[in-house]
Each structure stands twice: as structure tokens, then as C-alpha cells.
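Participant: The sequence isn't on hand, but the structure is:
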């Protein structure tokens, strides 16, 4: 579906707003929530998610991120209870004319849920007043209005840490290790790549079954190593800074915070071709986002290494459109537009 309105003009009151997010508070490790907090406009107060707060507190806008995370849980009874709580919440929001704004990090969850979960997610989408797209290529779940607000960079967040020099031939994957992210493909492709001067480093917290996969792959090639943990920002900056090339071999890639992390530290990234990645490549300038078609192979890695070696050591990608202060003002305008939509529905 396409949006009825894209980046509409916002008119009306400028009273302060309270926005209830479905995000946990910052934990000292850089995440998307940091953009929401540090980039928030002066007239926007942010509240972090608890079910009690969502169901009982006063706020002006309910901002949804990754809605499936609100209702998932290890035990069936907990999942059922959360789905029922979500029904009550949506009813409350409709009754009080509080708009739902949803950021489309992913159109559908990476890990499929149950039929009950899918019905709950459909309920959220039917009640959504305004979608926020992180790139203009995202298809919308419904015919609600949409605004494109780009994913912010992390330049200032990481500036407090020393950035090491690139190491020739060092290839890096970082981030949570899930099956859809294709880390097994990266190991297999790298193993076929000749060169004793090349190394592969994998850094991130593994999901179920992925630790064993990575540890087994590391035993096959002495040029590979892994740090299987959720690392602090100083460690992350050091690992990315030492890389000559970041490779994100996702089997499915739409929006990626990881690629913005790499670019924020001026490290090029090899990624699968997609409309979103192509738009980002055109935005940031040549040599920073390198796309490949089909399944990742050694040839694509070798070609990407040759490309990044044409980029000057002191060069940086153009991330000027992703300044947090600008994005904060755009979010405020979107919230006010969502309120206007909800008021018009009376």
C-alpha cells in the first residue's frame, strides 16, 4: 500500500507533548532508544514502556516500535495475558482519542509468531493513526498516513571513545546473531577466500542455536575468531574501528541499525542489494555502502575489499540528513499530525 500523505504540513497548537514509547530505557549501550531520548524535541517528554504505565498513565501519543516484543514471552500463559492486555490498551487509546504512531522498523517480524500474535499485530495496525518510515521504500501495512523520518546516525554517541586505525584485511560482522542474518553464509564464503593476510571477526550475542554454529565454524579456519557477547560501546567502537570492511550478510534486510553504526564510525559495509540499501548508498556517497546480488560468496568479499581501498583513510560518509536534532523536530511534527488525525476522527 502507499501513503495517502507523505511528510504533511503540521499546523495547530505547540503545547508540550508526553509520548509513551514501547521501548525500554537506555542501558548504557547504544540502541535505537538513544535516538528517541537524545534527539527528542524540547516540547516532547518521553516515557518508557511498562504495561502499568501504558494502561493507566496520561499521555498524548502512543509510539510503537517492534510491536511483537510487547506480547512475546517464554510461557504461553504470559503471551496470552499480554495479548489480552493489548486488546484493552487499544480500546483505551481509541476511547481517549490517543493516536498510535508506529515506526516501521520491519514490516513483519523476522521470527514468525503464532496466529494469535498475528491477530494482535493486525489489531495494532488497524488502530494506527500514522506510520513512520525509516526509508521511503517501505510498504505500508494499511492505508493510514505515513511520514518518512530517517534513522539517525551515532557519530556523537561514539565520539567519546578512541577509534583505532583500520587493519588491512580485517573483516567484521557485529550485532545480534540470528539465523536470518546469515552469519553462516559469511563463514562459508570467507573460508573459500584465499589470503593469509585476511581475518574474519564475529562479535555479538547469539540467539538460540547460533553459539554452537559460530563456534563450530571458527574451528574450520584459523583466520577466524569470535566474541560471542553483547559488548559495551567502547568494545564495539574498537572492534568496528579495526575493521577494513564490515559485512552484514542478512538473508533479509530492510532497515538496519548496524549499517548506520558502521557508517557513523566511517567504516564501509558490504550488504545485500535492496531498495533501502541502494537509497542509502546514493545518499552517503561512493565506496561506503557496497551491495551484492544473490547469496554472498568469496568473490563479492574480495571485490568489496578492493573498493574500500579506494576510499581515503580520512574520508567519511555523508550522514548530514541524519542529525538527531533534525529528526527530533520531525518526530514532534509527526506526533502533532497524529493527534490531529485522531481529533478529526471524532
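Facilitator: Yep, that arrived. Just so you know, these numbers come straight off a predicted model, no measurement behind them. Numbers count the residues shown, from 1 in each chain.
Participant: and the lowest-mean-pLDDT helix or strand in the chain, how far out from the chain's middle?
Facilitator: Within the chain, no helix or strand scores below helix 32-38, which has a mean of 86 by mean pLDDT, DSSP states H and E. Computed by C-alpha atoms, centre = their mean, to the nearest Å, the chain-centroid distance of helix 32-38 equals 12 Å.
Participant: Would you quantify the distance from residue 77 to residue 22?
Facilitator: 21 Å (C-beta to C-beta, to the nearest Å). (Each C-beta comes from the backbone N, C-alpha and C, glycine too.)
Participant: Likewise for residue 87?
Facilitator: 15 Å.
Participant: for the nearest residue to residue 191 once chain neighbours are set aside, what are its contacts?
Facilitator: Spatial nearest neighbour of residue 191, chain neighbours left out: residue 221 (5.1 Å); criterion: C-beta to C-beta, 6 or more residues apart in numbering. Going by C-beta atoms under 8 Å, 6 or more residues apart in numbering, residue 221 touches 187, 190-191, 200.
Participant: run the last query once more with 10 Å
Facilitator: 187-188, 190-193, 198-200 (C-beta atoms under 10 Å, 6 or more residues apart in numbering).
Participant: which residue ranges form the strands in the chain?
Facilitator: Listed in chain order, the strands of the chain (DSSP state E) span 17-21, 44-47, 61-65, 100-104, 128-133, 145-148, 170-174, 199-203, 224-227, 245-247, 269-272, 289-292.
Participant: For those, could you give me a markdown table that also reports mean neighbour count and distance to residue 29?
Facilitator: Output for the strands of the chain, formatted as a markdown table (neighbours: other C-beta atoms under 10 Å; distance: least, C-beta to C-beta, whole Å):
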| stretch | mean neighbour count | distance to residue 29 |
| --- | --- | --- |
| strand 17-21 | 20 | 17 |
| strand 44-47 | 17 | 18 |
| strand 61-65 | 24 | 17 |
| strand 100-104 | 24 | 20 |
| strand 128-133 | 24 | 23 |
| strand 145-148 | 21 | 27 |
| strand 170-174 | 23 | 12 |
| strand 199-203 | 22 | 13 |
| strand 224-227 | 16 | 14 |
| strand 245-247 | 26 | 18 |
| strand 269-272 | 24 | 20 |
| strand 289-292 | 20 | 24 |
